[in-house]
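>>> Here's my sequence, what's the structure:
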Amino acid sequence: MSQLWWIGLGIEVQLNAPRCPQQNGTVENLQGTCKRWSAAKLYDQVEDYQVRIDETLRIQAETFRIRSKGDKTRKELYPELWQNKRAFNPNDFKIARVLDHLADRVWNRSVNKGGKVRFWGQSTYLGKQFTHLPLTITLDPEKNKWHFRTEKGHLLISIDNECFSEADILKHAGISKN
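Okay, here's the model as predicted:
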């Protein structure tokens, strides 16, 4: 759900293949280093730990030198990251971006022996006559409806998109829009 919030803000999300952190080894290594440096077990109060995390990130960016990059710090290598003129604004979230993103996807499912399909944590009853039938599921962003089709494209059912609303995504992200 967090990814949908980022997408709604206009951030392009790039995912590793499941269980393949090696695809983004630099970031994964950095996270491990920061975890070790920040020593979470030493802090009882979240505020104290946040101070330690902030200091760890400052040291990592401004002090730690990277031999393979000419002994420069990350701040020296990427100064534009400290000059970000784009301030966070929760009002930049657009549900249309999320719906368009979802509309570009196709999900494959099969009807279970009870005649139901599980999708995004919800069950949809199609009927026992469709048991084990392979389906594709797509989203129509204009009508905000999910379409359940046979492999040959025959529409079985269209249902309202109750999985993703702007309010649900923002609530999950802990954001309230003004």
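>>> Three-state assignment for W146, please.
strand (DSSP: H, G, I helix; E, B strand; the rest coil).
>>> Check which helices and strands the longest helix seen in the chain sits against.
The longest helix of the chain (DSSP state H) is helix 46-62. Counting contacts by 3 or more Cβ pairs under 8 Å, 6 or more residues apart in numbering; DSSP states H and E, helix 46-62 packs against helix 25-38, helix 74-77. Where you see a C-beta, it was placed from the backbone N, CA and C, and this is true even at glycine.
>>> Just list the residues touching the most far-flung residue of the chain relative to its centre, thanks.
Here the chain reaches farthest from its C-alpha mean at Q129, the gap being 35.8 Å by Cα atoms, centre = their mean. With contact taken as Cβ atoms under 8 Å, 6 or more residues apart in numbering, Q129 is in contact with G115.
>>> related to what we said a few turns ago, from the helices and strands packed on helix 46-62, which stretch is densest packed?
helix 74-77 (a mean of 15; mean count of other Cβ atoms under 10 Å).
>>> Any chance you could give me it in PDB, C-alpha atoms only?
Only the C-alpha atoms of helix 74-77 are listed here, as PDB (Å, rounded to 0.1, in the frame of the first residue of the first chain):
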ATOM      1  CA  ARG A  74      28.200  11.100  -0.700                       C
ATOM      2  CA  LYS A  75      27.400  14.800  -0.100                       C
ATOM      3  CA  GLU A  76      30.400  15.700  -2.300                       C
ATOM      4  CA  LEU A  77      29.300  13.200  -5.000                       C
END
